[in-house]
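>>> Just to be clear, the model below is a prediction. Sequence and coordinates:
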Amino acid sequence: MSTKWDDNSWQKEFLNMKSHSPLDAKLLMGDVKGLKNAWRLGVMHVEYERLKKIQEQQQQ
């Protein structure tokens, strides 16, 4: 499996999936500065994948 590291389409989709704190919304819109923000964005990506999987299972 190959990963495109510059693909941020999940971030736009995740913004619409649930409500976010202003800081998290800012990170999702691309304002990542530093290791702490990158780590938080990674945590949100894992949450996005979990929610996406749940949505797909509910549609079947």
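Happy to help now that I have it.
>>> Now Leu51: closest residue in space that isn't a chain neighbour?
Once flanking residues are discounted, Leu51 sits nearest to Met17: 5.7 Å by C-beta to C-beta, 6 or more residues apart in numbering. C-beta here means a position set from N, CA and C on the backbone, and glycine is covered the same way.
>>> tell me, what residue is most central in the chain?
The structure's the chain has its C-alpha centroid closest to His45; by C-alpha atoms, centre = their mean the separation is 3.8 Å.
>>> What separation is there between that one and Gln60?
His45 sits 23 Å away from Gln60, going by C-beta to C-beta, to the nearest Å.
>>> Lys52 now?
As defined by C-beta to C-beta, Lys52 lies at a distance of 13 Å from Gln60.
>>> Could you do Pro22 as well?
Distance from Pro22 to Gln60, by C-beta to C-beta: 35 Å.
>>> what do you get for Gly34?
Distance, Gly34 to Gln60, by C-beta to C-beta: 40 Å.
>>> do Arg50 as well
As defined by C-beta to C-beta, Arg50 lies at a distance of 16 Å from Gln60.
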